[in-house]
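Student: I'll drop the sequence and a predicted model, then ask my questions.
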Amino acid sequence: MSRNPSAQKHTAKDLPFVYYKVGGAVRDFFLQKYDNNITIKERDWVVIGSSSKQMLALGFTQVGKNFPVFLHPKTKEEYALARLEKKQGKGYHGFVFDTAKSVTLEEDLLRRDLTINAIAQDPTNPNKFIDPYNGIEDIHNKQLRHISNAFEEDPLRVFRVARFYARFAYLGFTVAPSTIKKMQSICQSGELNNLSAERIWQETQLALQTRSPQLFFHLLHKIGGLKDWFPEIQHLFGVPQPARWHPEIDCGIHSLLVLEHATKMTTRVAIRFCALTHDLGKGTTPQAILPSHHGHEQRGVKLVENLCERLKTPKHIRNLAKLSARWHTHFHHRYQEMKADTYLKVLTAIKYFQTPQSLEDLLIISESDSKGRTGFRYTPYPSKHFWYKIAEKLSQFEQSKPYNHPDFQQLNNEQKKQTIKQQRIAIIQHVLDSKKVKNRFI
């Protein structure tokens, strides 16, 4: 997609072929009626009756060696030759294209995923829309509906539709029952396994950026779309937790509630992903000890590693997710429930002294874990303030540069290590003692 919203505009008279605005820009034009904060950042065009030879002769640059999409020489917006697609292989790349000049606009729109994405606008008459598959009506009815049976030929559309649902649900959009059936059919076919990890992660990342990313995973669970790429998340559903602490009972539902709450606290994909995956270990809890989940933190680390390896997630997300899985419950403890050296153990494990941001990130995840329970959304989470107090005092100490003192410099490496440890424990203990004194008079 073109990402140059401020590019120089042009008119239909500038180019010697027929073309139409298509895709998200046209769809979002109609969606602005329901949310005027929606901005049109990208414009894409479909070209009728032209050829690759003509496009190149006019100074367009081809995107990819064998893909009929071209960048305008001035605006850098994308112009795609109208095309037909025929499924000849497996997965997302199993298509051959026909870009003959005889391909019509209606034929090109027919190959698209949803009716709301298959509306064209005539640049010579901005009030004229070509809508052969009733996309405008579906926008008014808040429906995400597939166009034709060709929908099933591209398995990636399962994730795309789930992403659009997460993106537009706040406007009242739902997925048409007939489209749900098509998505279920794709999931049952085994075609999802033929997709690349890069494309799955791309859709997942975009979904995590939406207003309601939990709905992406909710819909995938509903249609059987988690088992191939997100089995660790799939295994959470149906696993019980103690009703006293988790009125929602189900571990899968809890994970989606945690993601929902984290979304209200941050736009960062890494934290949202960690909120979703913090409890993966509960999916492997032995039946004999349910609904308790002792040791799920340690078990969760390996499951996070497996999931991130499969999806090829960025390293920084993978590392934070592993820390979240292992240590999130430690942040729930009341101040008197842990010793000073345990606080230091946690801070050292999360690499707080190298990357202070890690503490803030994990506290967001842990607060979301606490509030992502039925009936607990507005319950205070005081432990985060205590952790911040410890961090504040440690930071003040570190900023005083105590390790530059001549006496410290004379110590060997092991002595230095132990001295630093004991000084940090003493600072944390002081905060603990101060908290106890304060609470006596509350």
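Tutor: Done, it's in.
Student: all contacts plus neighbour counts: C-alpha atoms, from now on.
Tutor: OK.
Student: Next, give phi and psi for residue 159.
Tutor: Per-residue torsions, residue 159: phi -80, psi -30 (degrees, to the nearest 10).
Student: Can you give me every residue that contacts the residue nearest to it when sequence neighbours are not counted?
Tutor: Distances taken as CA to CA, 6 or more residues apart in numbering place residue 203 nearest to residue 159, at 6.4 Å, with adjacent residues excluded. Residue 203 makes contact with 159, 160, 163, according to CA atoms under 8 Å, 6 or more residues apart in numbering.
Student: Residues in contact with stretch 328-347: which ones?
Tutor: Outside stretch 328-347, the residues that touch it by CA under 8 Å, 6+ apart are 278, 297, 327, 353, 359, 362-363, 365-366, 370, 383-384, 386-387, 424-426, 428-429, 432.
Student: buried stuff in that stretch?
Tutor: Residues of stretch 328-347 classed as buried: 328, 330, 331, 332, 335, 340, 341, 343, 344, 346, 347 (neighbour count, 16 or more other CA atoms under 10 Å).
Student: which SSE is the residue nearest to residue 159 in?
Tutor: Assigned by DSSP states H and E, residue 203 belongs to helix 197-208.
Student: List the contacts of the helix or strand that contains residue 327.
Tutor: Using DSSP H and E, residue 327 sits in helix 315-327. Identification of contacts with helix 315-327 by CA under 8 Å, 6+ apart yields 270-271, 273-274, 277-281, 297-298, 300-302, 304-305, 308, 346, 350, 358, 362, 365.
Student: among the residues you listed, which ones are buried?
Tutor: 270-271, 273-274, 277-281, 297, 300-302, 304-305, 308, 346, 350, 358, 362, 365.
Student: how close does the closest residue to residue 372 other than its chain neighbours sit to residue 251?
Tutor: Excluding its sequence neighbours, the residue lying closest to residue 372 (CA to CA, 6+ apart) is residue 258, at 4.2 Å. According to CA to CA, to the nearest Å, residue 258 and residue 251 sit 10 Å apart.
Student: Residue 179 too?
Tutor: 28 Å.
Student: what packs against the strand or helix carrying residue 432?
Tutor: Using DSSP H and E, residue 432 sits within helix 413-440. Helix 413-440 sits against helix 340-349, helix 383-399, with contacts defined as 3 or more CA pairs under 8 Å, 6 or more residues apart in numbering; DSSP states H and E.
Student: Would you convert the ones you listed into JSON lines that also reports mean pLDDT and distance to residue 243?
Tutor: What follows is the helices and strands packed on helix 413-440, written out as JSON lines (pLDDT from 0 to 100; distance: least, CA to CA, whole Å):
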{"stretch": "helix 340-349", "mean pLDDT": "96", "distance to residue 243": "28"}
{"stretch": "helix 383-399", "mean pLDDT": "92", "distance to residue 243": "22"}
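Student: Figure out which of these is closest to residue 68.
Tutor: Residue 68 lies closest, by CA to CA, to one member of the helices and strands packed on helix 413-440: helix 340-349, at 50.6 Å.
Student: Quick one: name whatever helix or strand follows the helix or strand of the chain with the lowest mean pLDDT.
Tutor: When the helices and strands of the chain are scored by mean pLDDT, DSSP states H and E, strand 95-98 comes last with a mean of 76. Sequence-wise, the next helix or strand downstream of strand 95-98 (DSSP H and E) is helix 105-110.
Student: Export that next one to CSV, keeping only CA atoms.
Tutor: The C-alpha trace of helix 105-110 is given here as CSV (Å, rounded to 0.1, in the frame of the first residue of the first chain):
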residue,chain,number,x,y,z
LEU,A,105,-13.5,-3.5,-13.4
GLU,A,106,-16.3,-5.8,-12.1
GLU,A,107,-14.1,-8.9,-12.7
ASP,A,108,-11.3,-7.3,-10.8
LEU,A,109,-13.5,-6.4,-7.9
LEU,A,110,-14.9,-9.9,-7.8
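Student: And the strands in the stretch 1-150 of the chain, which stretches?
Tutor: 18-22, 44-48, 61-62, 69-71, 78-81, 84-87, 95-98, 120-121, 129-130, 143-144 (DSSP state E, counting those that start in this stretch).
Student: Can you tell me which of those is nearest to residue 153?
Tutor: Of all these, it is strand 84-87 that lies closest to residue 153, at 6.5 Å by CA to CA.
Student: any idea of the angle the helix holding residue 327 forms with helix 340-349?
Tutor: Orientation check (axes from the mean of the first three to the mean of the last three CA atoms, to 10 degrees): helix 315-327 against helix 340-349 gives 160 degrees.
Student: buried stuff in helix 315-327?
Tutor: Applying 16+ other CA under 10 Å to helix 315-327 flags 317, 318, 319, 320, 321, 322, 323, 324, 325, 326, 327 as buried.
Student: what distance separates stretch 309-322 from the centre of its chain?
Tutor: On the basis of CA atoms, centre = their mean, to the nearest Å, stretch 309-322 sits 12 Å off its chain's mean C-alpha point.
Student: How about stretch 152-170?
Tutor: 13 Å.
Student: Which residues belonging to it are considered buried?
Tutor: 152-169.
Student: Now that stretch: average pLDDT?
Tutor: For stretch 152-170, mean pLDDT rounds to 97.
Student: Please work out which residues outside that stretch touch it.
Tutor: 87, 91-92, 113, 144, 151, 173-175, 182-183, 185-187, 191-192, 195, 199-200, 203-204, 206-207, 210-217, 219-220, 225.
Student: what do you get if the cut-off is 6 Å, keeping everything else the same?
Tutor: 92, 183, 192, 207, 210, 211, 212, 213, 215, 216 (CA atoms under 6 Å, 6 or more residues apart in numbering).
Student: before we move on, what about stretch 72-86?
Tutor: By CA under 6 Å, 6+ apart, stretch 72-86 touches 2, 7-8, 44-48, 59-60, 68-71, 95-99, 108.
Student: on that earlier part again, tell me if the residue nearest to residue 372 really is in a strand.
Tutor: No: assigned with DSSP: H, G, I helix; E, B strand; the rest coil, residue 258 falls outside any strand and is helix.
Student: Quick check: it touching residue 370?
Tutor: No: Residue 258 is beyond contact range of residue 370, at 7.9 Å (criterion: CA atoms under 6 Å).
Student: Looking at those two, which one has more neighbours?
Tutor: residue 258 (29 against 25; other CA atoms under 10 Å).
Student: Tell me, what's the model's pLDDT at that one?
Tutor: pLDDT for residue 258: 98.
Student: Sticking with the residue nearest to residue 237 when sequence neighbours are not counted, tell me its helix or strand.
Tutor: Nearest non-adjacent residue to residue 237, counting by CA to CA, 6+ apart: residue 252, 4.2 Å away. Using DSSP H and E, the element containing residue 252 is helix 251-265.
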